[in-house]
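Enquirer: coordinates only, sequence not included:
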């Protein structure tokens, strides 16, 4: 069975829905800790999802690839950025016929690929 749990908190206002902030800490092979923090906002005035990425260190990652899915099974590459200084944001349009958008990120830094979250995916409520 899957023993992973995610705490989701919802804050609703007329402009957007802020769904969650996720902290993922991963160790690289030099034993220095890099924590990636993601937060997602749905902007129902533009039907865009805005995903922000920050880190505990002031770093520039070689690349960020965002993968999204509407069924949490079939993920496709939705956005790809190169040589990105963190923090940054990625804006992607969403299909409003679905109620949730699932996503995960792959960040390449110092020849190491970090997956955020490390397992599974995060989701954004995109119902208007």
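Expert: Perfect, thanks for sending it. What you are looking at is a predicted structure, and each value in this text was computed from that prediction instead of being measured.
Enquirer: next, count neighbours for residue 46.
Expert: Burial measure for residue 46: 12 neighbouring residues, criterion other C-beta atoms under 10 Å. Using the backbone N, CA and C atoms, a C-beta is placed for each residue, glycine as well.
Enquirer: also residue 77?
Expert: By the measure other C-beta under 10 Å, the count of residues near residue 77 is 10.
Enquirer: direction included, what does the strand or helix carrying it pair against?
Expert: Secondary structure assigned from DSSP states H and E places residue 77 in strand 76-85. Here strand 76-85 is paired, per DSSP bridges, with strand 60-69 (antiparallel).
Enquirer: what ranges of this protein fall below the confidence cut-off?
Expert: 1-32, 128 (pLDDT under 70).
Enquirer: now for residue 87: which residues touch it?
Expert: Taking C-beta atoms under 8 Å, 6 or more residues apart in numbering as the criterion, residue 87 is in contact with 52-55.
Enquirer: residues of stretch 88-106 that come out buried?
Expert: 90, 94, 100-106 (16 or more other C-beta atoms under 10 Å).
Enquirer: go on, stretch 80-87?
Expert: Taking 16+ other C-beta under 10 Å as the criterion, stretch 80-87 shows 84, 86 as buried.
Enquirer: now do that stretch: distance to the chain's middle.
Expert: 13 Å (C-alpha atoms, centre = their mean, to the nearest Å).
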